[in-house]
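Trainee: after the sequence you'll find the predicted model.
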Amino acid sequence: MASAATQLTTPIQFIKGVGPARSKALSQAGIETVEDLLYYFPRRHLDRTSITDCKDLKRESVVTIVGSVKSCGMRTIRRGKLFQALIEDGTGFLTLTWFNGIGYVKKSIKVGDRLAIHGKVNFYQGFQIVHPEYDKLDIDSEPLSTGSVIPLYPLNQTLRSAGLAHRSLRKFIRNIQNKLVDILDFYTEDFKQNHYLIDRKDALNAIHFAKDVAHLKKAVYRLKFDEHFFLQLGVAIKKETLDKIGTNPLNKTGPYAKLIYDQLAFELTIAQKRVLKGIHDDMKKPVMMNRLLQGDVGSGKTIIAILASAIAVGNKVQVAIMAPTEILAQQHYKVFKKYADIAQIPTAILVGNIKSKERKSILDGLKNGKISIIVGTHALIQKDVEFEKLGLVIVDEQHRFGVLQRGDLVSKGQNPHFLAMTATPIPRTLSITYYGDMDISIIDEMPKNRIPVTTTVVQPTRLSKVYNFIKEEINRGQQCIVVYPLVEETEKSDLAAAVEAHQELSEKIFPKHKVGLIHGRMKKEEKDKVMESFSNNNINILISTTVIEVGIDIPNATIMLVEHAERFGLTQLHQLRGRVGRSTHKSYCILVQRNFTDLGNQRLYIMENTYDGFKIADEDLKMRGPGVFFGIKQSGFFNFKIANLISDGKILREARSASFALIKDDPALQKTENVKIKQHFQKHYQYLLKNISIG
């Protein structure tokens with residue numbers, strides 16, 4: 001047995017060489033115990049065999065170089081300032097260049113520093129790497145002689161100021177591993193063999209002290225598998241629980257759905273029919289449906305929601321549809337009511353600033369059952385909203401709501417069936433994690449009458465030609481939307497830019513046409529008036545902030561002009577593009593690029609050449625990460641130490657399969673061989689049961 005001083009729970013300050021000052025710095029980095037230090041994984045590793053000499057550099061090659069800083073400093077160029085450092089490795093020189101984040105780099109890099117550099121080589125007055133990844137190495141140790149694989153740890157300023165470097169962390173970990181023999185595994189030997197996993201203790205040793213690259217790969221696989229497995233275990237437990245929640249089965253198709261279906265002016269696609277059948281099959285079951293409906297912009301999700309609602313009403317229950325914004329709620333209500341009126345289904349809308357008399361009438365109608373379908377915003381979850389018999393809840397763009405908000409709406413019925421919808425195509429690795437406890441339906445087919453939108457990236461010098469093209473389209477009776485970015489950090493200046501653009505376009509560029517303006521700070525009545533005018537083609541060109549991203553359906557709008565397009569995420573650009581091309585008219589999305597960066601160029605190239613929302617979503621996830629992808633920072637949910645939702649598809653699927661099989665066989669994890677798994681989950685991952693899907 002390990003001594004008391006070398007348990008996983010031992011405070012880090014008791015490890016030889018740490019002491020109070022370093023212990024405080026480590027604590028600020030989240031390292032408080034022996035276990036925390038063992039799981040403080042290197043951010044990357046240096047493989048001795050993969051280091052390139054400066055004399056062997058080639059254009060466009062991606063390399064790792066180890067060298068010393070011979071000179072560094074700021075330079076002024078025509079378009080601003082940059083920071084450069086000259087590196088020597090004994091065989092030649094390499095220039096490192098930074099255009100952004102200069103302040104941090106300037107403070108971080110000094111003459112004499114020994115760096116491990118990674119990046120793509122290009123040539124401009126000599127070989128250089130622009131914005132390289134880099135790690136500071138211990139100057140008094142030669143990395144090429146310390147073994148074939150050298151771990152490089154995340155070292156922030158707090159750790160460095162406490163005298164902590166890569167070498168000192170390796171020393172602390174070596175001191176621990178020499179004494180700590182009791183790192184127990186939570187998997188059985190059979191489980192490890194079935195999933196090709198090395199022992200936990202071996203993996204924790206190799207991630208810090210791998211004897212070769214093959215050994216390191218096995219360690220990384222095992223530790224990534226662990227994180228994915230326990231995350232998916234939480235998903236599996238949640239799904240197992242939800243799949244057992246009893247509810248009122250909605251067996252009948254009913255007369256209302258048939259009335260609406262027979263009056264459709266179009267034929268449902270094969271994908272729509274398949275998805276509708278899957279939803280109805282779920283609603284027939286005596287357990288609560290928990291399904292996500294994914295469909296690209298314009299794929300026809302709304303009509304599926306309407307038909308599902310009509311089926312529910314045909315089973316004598318009420319339906320609640322919750323949207324994230326008033327504009328989207330109004331849009332849904334307009335479409336729902338159009339079809340509900342065909343079948344004479346009483347339908348209403350409930351939003352925040354509705355008049356008290358009208359609100360009371362709606363609340364009474366919901367409570368006594370006279371209103372069958374209610375569309376609204378988060379106003380639906382207020383305490384005084386009561387239903388006679390809520391049987392189906394539909395939430396649109398549900399990632400924009402908190403888990404508790406979604407749960408509050410569901411709690412207003414006796415375990416009503418739940419359907420979430422999103423027009424944001426979600427990469428598979430993300431959907432089976434964030435929505436892994438839900439059954440997923442995908443509309444992967446566009447309506448036959450939809451013509452793909454032509455997307456073009458232009459520079460400001462071409463805008464005069466663009467404006468002439470817009471005039472031609474307007475003269476043919478079409479409409480145009482011009483969007484300006486609106487981000488929190490610069491809200492006032494961006495809003496001012498939209499207002500100024502409205503003035504310039506209406507007075508100088510399009511004086512003979514009607515130019516409107518809509519933005520988030522306008523009162524609801526003002527927005528409604530503008531949108532109604534645009535819908536009736538009384539406004540030819542609509543200047544907007546990103547309030548237009550969802551909720552507008554103007555088939556006559558054929559041009560989307562996005563200013564400062566490089567500032568938008570890919571998914572958001574795709575959503576904006578979806579505001580046009582909603583009819584049989586040929587439509588265009590014009591992306592104006594005013595700032596040129598590698599990332600911006602890459603993003604706009606993808607938009608110009610790809611219309612598949614799922615491919616765009618995959619690329620967006622790679623560029624921005626899961627938290628930003630959803631427009632939220634998931635506190636704790638995606639805080640992996642080594643796993644990666646973007647690149648770990650194969651490991652994730654293996655871990656998911658293993659966790660779901662385990663819960664199917666032993667739902668409560670009561671079997672002897674699963675006790676350690678249960679204990680580890682309860683210690684580190686219990687919070688997941690609150691963080692996944694509907695709550």
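Mentor: Everything's here; your move.
Trainee: got the residue ranges for the helices in the stretch 201-350 of the chain?
Mentor: Remark: helices assigned in the stretch 201-350 of the chain by DSSP state H, counting those that start in this stretch are 213-242, 254-262, 270-283, 301-314, 326-342.
Trainee: looking at the ones you listed, which is buried most?
Mentor: With neighbours taken as mean count of other C-beta atoms under 10 Å, the helices of the stretch 201-350 of the chain reach their highest mean count in helix 301-314, at a mean of 24. All C-beta spots, glycine's among them, are computed from the backbone N, C-alpha and C.
Trainee: and the angle for it with helix 326-342?
Mentor: Using axes from the mean of the first three to the mean of the last three C-alpha atoms, to 10 degrees, the inter-axis angle of helix 301-314 relative to helix 326-342 is 50 degrees.
Trainee: pLDDT of helix 301-314, averaged?
Mentor: What helix 301-314 shows for mean pLDDT is 96.
Trainee: now for it, which elements pack on it?
Mentor: For helix 301-314, the packing partners by 3 or more C-beta pairs under 8 Å, 6 or more residues apart in numbering; DSSP states H and E come out as helix 254-262, helix 270-283, strand 290-295, strand 318-322, helix 326-342, strand 390-396, strand 417-422.
Trainee: pull up the pairing partners for the last one, direction included.
Mentor: So the one you mean is strand 417-422. Neighbouring strands of strand 417-422 in its sheet, by DSSP bridges, are strand 290-295 (parallel), strand 390-396 (parallel).
Trainee: the last one to strand 318-322, inter-axis angle?
Mentor: Yep, that's strand 390-396 we're talking about. Using the same axes, to 10 degrees: strand 390-396 against strand 318-322 is 20 degrees.
Trainee: which residues touch strand 390-396?
Mentor: Strand 390-396 has contacts (C-beta atoms under 8 Å, 6 or more residues apart in numbering) with 248, 250, 283, 305, 308-309, 312, 315, 317-324, 328, 332, 401, 406, 409-410, 412-414, 416-422.
Trainee: apply 7 Å and report the result again.
Mentor: With contact meaning C-beta atoms under 7 Å, 6 or more residues apart in numbering, strand 390-396 is reached by 248, 250, 305, 308-309, 312, 315, 317-324, 328, 332, 401, 406, 409-410, 412-413, 416-421.
Trainee: and it, average pLDDT?
Mentor: For strand 390-396, mean pLDDT rounds to 94.
Trainee: stretch 58-78 now?
Mentor: The pLDDT scores in stretch 58-78 average 88.
Trainee: off-centre distance for it?
Mentor: How far stretch 58-78 lies from its chain's middle: 33 Å, per C-alpha atoms, centre = their mean, to the nearest Å.
Trainee: ok, now how distant is residue 582 from residue 338?
Mentor: Residue 582 sits 16 Å away from residue 338, going by C-beta to C-beta, to the nearest Å.
Trainee: rewinding a little: let's have the helices of the stretch 201-350 of the chain in TSV, adding distance to residue 12.
Mentor: TSV is the format used below for the helices of the stretch 201-350 of the chain (distance: least, C-beta to C-beta, whole Å):
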stretch	distance to residue 12
helix 213-242	20
helix 254-262	63
helix 270-283	50
helix 301-314	51
helix 326-342	50
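Trainee: wouldn't residue 71 be in contact with residue 109 here?
Mentor: No - using C-beta atoms under 7 Å, residue 71 makes no contact with residue 109, being 10.7 Å away.
Trainee: which residues of the stretch 101-250 of the chain score low on pLDDT?
Mentor: Low-confidence segments of the stretch 101-250 of the chain (pLDDT under 70): 101, 139-147, 181.
Trainee: ranges for the strands of it?
Mentor: 114-123, 127-130, 133-136, 149-152 (DSSP state E, counting those that start in this stretch).
Trainee: ok, the second one: who's next to it in the sheet?
Mentor: Spelled out, it's strand 127-130. The strands beside strand 127-130 in its sheet (DSSP bridges) come out as strand 93-98 (parallel), strand 114-123 (antiparallel).
Trainee: other residues contacting stretch 510-525?
Mentor: Under C-beta under 7 Å, 6+ apart, the answer for stretch 510-525 is 326, 353, 474, 486, 495, 498-499, 502, 505-506, 527, 530-531, 533-534, 538-545, 547-548.
Trainee: check which residues of that stretch are buried.
Mentor: Within stretch 510-525, the residues scored as buried using 16 or more other C-beta atoms under 10 Å are 510, 513, 514, 515, 516, 517, 518, 519.
Trainee: do stretch 439-453 as well
Mentor: In stretch 439-453, counting by 16+ other C-beta under 10 Å, buried: 439, 440, 441, 442, 443, 444, 445, 446, 447, 450, 453.
Trainee: got a markdown table for those, with distance to residue 269 and pLDDT too?
Mentor: Shown next, in a markdown table, are the buried residues of stretch 439-453 (distance: C-beta to C-beta, whole Å; pLDDT from 0 to 100):
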| residue | distance to residue 269 | pLDDT |
| --- | --- | --- |
| 439 | 20 | 87 |
| 440 | 18 | 89 |
| 441 | 13 | 91 |
| 442 | 12 | 90 |
| 443 | 7 | 90 |
| 444 | 9 | 84 |
| 445 | 5 | 83 |
| 446 | 8 | 80 |
| 447 | 6 | 77 |
| 450 | 10 | 75 |
| 453 | 19 | 90 |
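Trainee: circling back: for residue 11, find the nearest of the strands of the stretch 101-250 of the chain.
Mentor: Evaluated with C-beta to C-beta, the strands of the stretch 101-250 of the chain place strand 149-152 nearest to residue 11, the distance being 23.3 Å.
Trainee: quick one, what contacts residue 288?
Mentor: Counting by C-beta under 7 Å, 6+ apart, residue 288 touches 242, 245, 247, 415, 417, 418.
Trainee: which among the residues you listed count as buried?
Mentor: Neighbour-count burial within the contacts of residue 288 applies to 242, 247, 415, 417, 418; the criterion is 16+ other C-beta under 10 Å.
Trainee: please identify the most buried of the strands of the stretch 101-250 of the chain.
Mentor: Mean neighbour counts for those (mean count of other C-beta under 10 Å) peak at strand 149-152, with a mean of 22.
Trainee: list the contacts of it.
Mentor: Contacts to strand 149-152, defined as C-beta under 7 Å, 6+ apart, come from residues 42-47, 116, 135, 143, 166, 170, 208, 210, 212-213, 216.
Trainee: apply 8 Å and report the result again.
Mentor: Here strand 149-152 makes contact (C-beta under 8 Å, 6+ apart) with 42-48, 116, 135, 137, 143, 166, 170, 207-213, 215-216.
Trainee: over to stretch 225-234?
Mentor: Outside stretch 225-234, the residues touching it (C-beta under 8 Å, 6+ apart) are 195, 197, 200, 433, 436, 640-643, 648, 651-652, 654-656, 658-660, 662-663, 677, 680-681, 684-685, 688-689, 692.
Trainee: for PyMOL, what selects the buried ones among the residues you listed?
Mentor: A single PyMOL command selects the buried members of these (16+ other C-beta under 10 Å):
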select buried, resi 195+197+200+433+436+642+643+648+651+652+654+655+656+658+659+660+662+663+677+680+681+685+688+692
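Trainee: in helices, which of the contacts of stretch 225-234 fall?
Mentor: 200, 433, 651-652, 654-656, 658-660, 662-663, 677, 680-681, 684, 688-689 (DSSP state H).
Trainee: shared neighbours of residue 71 and residue 109, anything?
Mentor: Counting by C-beta under 8 Å, 6+ apart, the residues touching both residue 71 and residue 109 are residue 85.
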